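In: Sharing a model that was predicted from the sequence below.
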Amino acid sequence: MTAAEENPQGDPPHDRLAAVEEMLLGGPRVFTRDQAVSELDIDPEFADEIWRAFGFAHDSRDQPIFTEDDLSAMGLVIAAYRSAPEGQAVAAARAIGQTMSRLADWQAYRLDELDRDSGVDTGLGQMAMAMSRVQTLIWRRHLAAALRNIDSDRVPDDAVGHELVVGFCDIVGYTSLSRKIGMDDLNALLEAFEGRANDIITDHDGQIVKTLGDAVMFTVADPVQATQIALELHTLTEQHDIPPLRVGLAYGRVLTRFGDVFGEPVNIAARLTGSARPGTSLCDAELADAVDDERYFFKSIGSLSVRGYRHLKARVIELNRDHQPTDDAR
C-alpha cells in the first residue's frame, strides 16, 4: 500500500494520523481514565501515580484514552504487582515510560523522514507497524539473553549488587562545538559517535547503559575487556571525523536496577572522565589492580581532588610499548 492508497481521499494530516494511531493502538480509544480505574478496580491515586510514571500526566481525564487491549494488558500488570513491595510498580512504570518515550521520539523522527522521502513507496501506518514488529522481535531476543545471564549475575543472599566495570566516554568541547555547527552536522556527529562507540563496546562484551547527549555510559564484566575498550574508543578520533574523547573507568560493586546502574564506581567513573585530558583514558586503582595483562600499562598520576573525593587515586591507561607479543598473538 502506498502513502496515497493509505490516504486515498486526501484527508487532512490530522485525520490521517488518527487512522495511523488507531492502527498502532490496536483499536479505538474507548475508556477514560476514570472508567479504566473502575474497570480495573484499583485505587484512583495509585492509578494516577502509575500514569504519571509512564509519562502520560498531560492526558485529559475526560477524553477516552484507553483501548480494550490497554485494559487487558494493564490488568495483567496490576495483578502481577499487587503483592510486590510498595513503590516497585511505580519504579517499573517510570523505567518503562522513560525508555519507551526516548525510543518513540527517535522512531517518530525516522518515520517522518521516511514518509517525506518520495522514494519510499510505503504508507506511514505500514512503516510504523513494521517498526513495531521489528522492535518486538529485538526486545524478545534481548530479554531471552538477559534471562540466560541472570544465574551468572546472582550473588549470595547476604550480598548486594555485583562486580562490574563502569565506563563513561564523552566528546571534548561538545558544548562550544554545538554552538558553531548546524543541526544536521550535529546530528551526524552524534550518530557517528554513538554508533561507532556502541560497536567497540559490544564487540568486547560490554553493554551500553545509556547515552547522555555527548556521552555514553557502559558496563563491562571483564576488567581486561574494559581496558581494551578504553583504548579503542580513541581510534574514533584517529579514523573518523570525531573530536577528541575522554574516557573514565572504575571497578567495583554496583547495583543494577531497571536498566540503570548505581553505586560508587558510577560516581568515580564520571569524575575520572571529567578529569581526563583530551585523547586519554583514566581508571581507578581498583581496575588497574584487577588487570593482570602485560599489554597494558597503568601510569600513576597525582591524587585528584574532585567533587565527593578529595584524594582520588587515578591511573592513565596506556599500551605497554615494552610488551613483546608472542607468535600466537601476532
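Out: Ah, there it is. Numbers count the residues shown, from 1 in each chain.
In: my read is residue 321 is in a helix, agree?
Out: No. Under DSSP: H, G, I helix; E, B strand; the rest coil, residue 321 falls outside any helix and is assigned coil.
In: now it, nearest residue through space, not along the chain?
Out: residue 297 (7.7 Å; Cβ to Cβ, 6 or more residues apart in numbering). Bear in mind the C-beta positions are built from the backbone N, C-alpha and C, glycine included.
In: Which parts of the helix or strand harbouring that neighbour count as buried, going by neighbours?
Out: Remark: residue 297 resides in strand 296-300, with elements defined by DSSP states H and E. If you call a residue buried by 16 or more other Cβ atoms under 10 Å, then strand 296-300 has these buried ones: 296, 298.
In: Report the strands that pair with that strand, each with its relative direction.
Out: Sheet pairing for strand 296-300, assigned by DSSP bridges, gives strand 314-319 (antiparallel).
In: Extract the C-alpha trace of the partner strand and format it as CSV.
Out: Coordinates of each C-alpha in strand 314-319 appear next as CSV, following Å, rounded to 0.1, in the frame of the first residue of the first chain:
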residue,chain,number,x,y,z
ALA,A,314,43.8,7.5,39.3
ARG,A,315,45.8,5.8,36.6
VAL,A,316,46.3,6.7,32.9
ILE,A,317,45.6,3.7,30.7
GLU,A,318,48.3,3.2,28.0
LEU,A,319,49.5,0.4,25.8
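In: Centre of the chain to that strand, how far?
Out: Averaging C-alpha positions (Cα atoms, centre = their mean, to the nearest Å) puts strand 314-319 27 Å from its chain's average.
In: Please apply the same query to stretch 93-102.
Out: Taking Cα atoms, centre = their mean, one finds the center of stretch 93-102 at 11 Å from the center of the full chain.
In: Mean confidence (pLDDT) on that stretch, please.
Out: Here stretch 93-102 scores 81 as its mean pLDDT.
In: Likewise for stretch 184-194?
Out: Model confidence over stretch 184-194, given as mean pLDDT, is 87.
In: Please apply the same query to stretch 129-144.
Out: Rounded mean pLDDT across stretch 129-144 is 83.
In: In it, which residues are buried?
Out: For stretch 129-144, the neighbour count (16+ other Cβ under 10 Å) marks residue 131 as buried.
In: where do the helices sit along this protein?
Out: Per DSSP state H, the chain carries helices over the ranges 3-6, 13-25, 33-40, 44-54, 68-81, 88-116, 124-153, 174-180, 183-203, 223-233, 235-239, 264-275, 285-290.
In: Show me what the longest one is packed against.
Out: Right, the one you point to is helix 124-153. helix 3-6, helix 13-25, helix 88-116 (3 or more Cβ pairs under 8 Å, 6 or more residues apart in numbering; DSSP states H and E).
In: and the angle from that helix to helix 88-116?
Out: In terms of direction (axes from the mean of the first three to the mean of the last three Cα atoms, to 10 degrees), helix 124-153 departs from helix 88-116 by 140 degrees.
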